[in-house]
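Trainee: Generate coordinates for the sequence data below:
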Amino acid sequence: MNKKLLMALLFSMIIVLTACGGGDTDSKEDDASTDSSQSTEANTPDANNEVNLVATNFSLGQDVYTVKAGEEVKVTLTNEEGHHGISIDEFDVEIQGDGEATFTPTEPGEYKIYCNIMCGTGHDEMVATLIVQ
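Mentor: I've put the predicted structure just below:
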């Protein structure tokens with residue numbers, strides 16, 4: 001009887017492990033196409049000079065946002081998952097939770113956008129780059 005019980009348990013574990021395993025090849029291909037389209041969009045300044053950040057655990061949406069120097073920039077933060085805020089130190093931009101801010105960058109360069117609310121273990125990964133051209 002113990003032998004039958006052991007065999008049934010072993011068979012059940014094999015089925016569970018097989019069901020939980022499996023490839024993830026489709027999502028890797030999808031990620032690659034998404035990354036390339038995001039990088040193309042990010043290198044082109046937004047026509048309205050707007051930066052729309054969609055915060056989730058633990059991302060700000062895109063890695064790079066591009067705007068034009070000398071023109072007013074509107075930054076909008078929308079929290080889709082978790083509670084986040086953002087800062088861009090060089091422009092005195094600070095948003096806590098959902099909100100928006102405006103500023104006018106005069107100097108071209110790369111500036112860090114980061115989450116300013118401790119939001120969990122992935123908090124340090126919540127960064128993006130603002131490119132001013």
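
Trainee: For stretch 119-133, buried residues please.
Mentor: Going by neighbour count (16 or more other Cβ atoms under 10 Å), the buried part of stretch 119-133 is 119, 123, 126, 128, 130, 132. Glycine gets a C-beta too; all of them are placed from N, C-alpha and C.

Trainee: Report the distance from the strand or helix carrying residue 86 to the chain centre.
Mentor: Using DSSP states H and E, residue 86 sits in strand 85-88. On the basis of Cα atoms, centre = their mean, to the nearest Å, strand 85-88 sits 14 Å off its chain's mean C-alpha point.

Trainee: ok, the residue nearest the centre of the chain - contacts?
Mentor: Centroid-nearest residue in the chain: residue 59, 2.4 Å away (criterion: Cα atoms, centre = their mean). Contact analysis of residue 59 by Cβ atoms under 8 Å, 6 or more residues apart in numbering lists 125-126.

Trainee: Would you quantify the distance from it to residue 106?
Mentor: Distance of residue 59 to residue 106, given as Cβ to Cβ, to the nearest Å: 29 Å.

Trainee: just residue 121 next, same as before
Mentor: 37 Å.

Trainee: Which residue ranges of the protein form helices?
Mentor: Along the chain, counting by DSSP state H, helices occupy 2-20, 25-42.

Trainee: Of those, which shows the lowest average pLDDT?
Mentor: Set side by side, those give their lowest mean pLDDT on helix 25-42, at a mean of 47.
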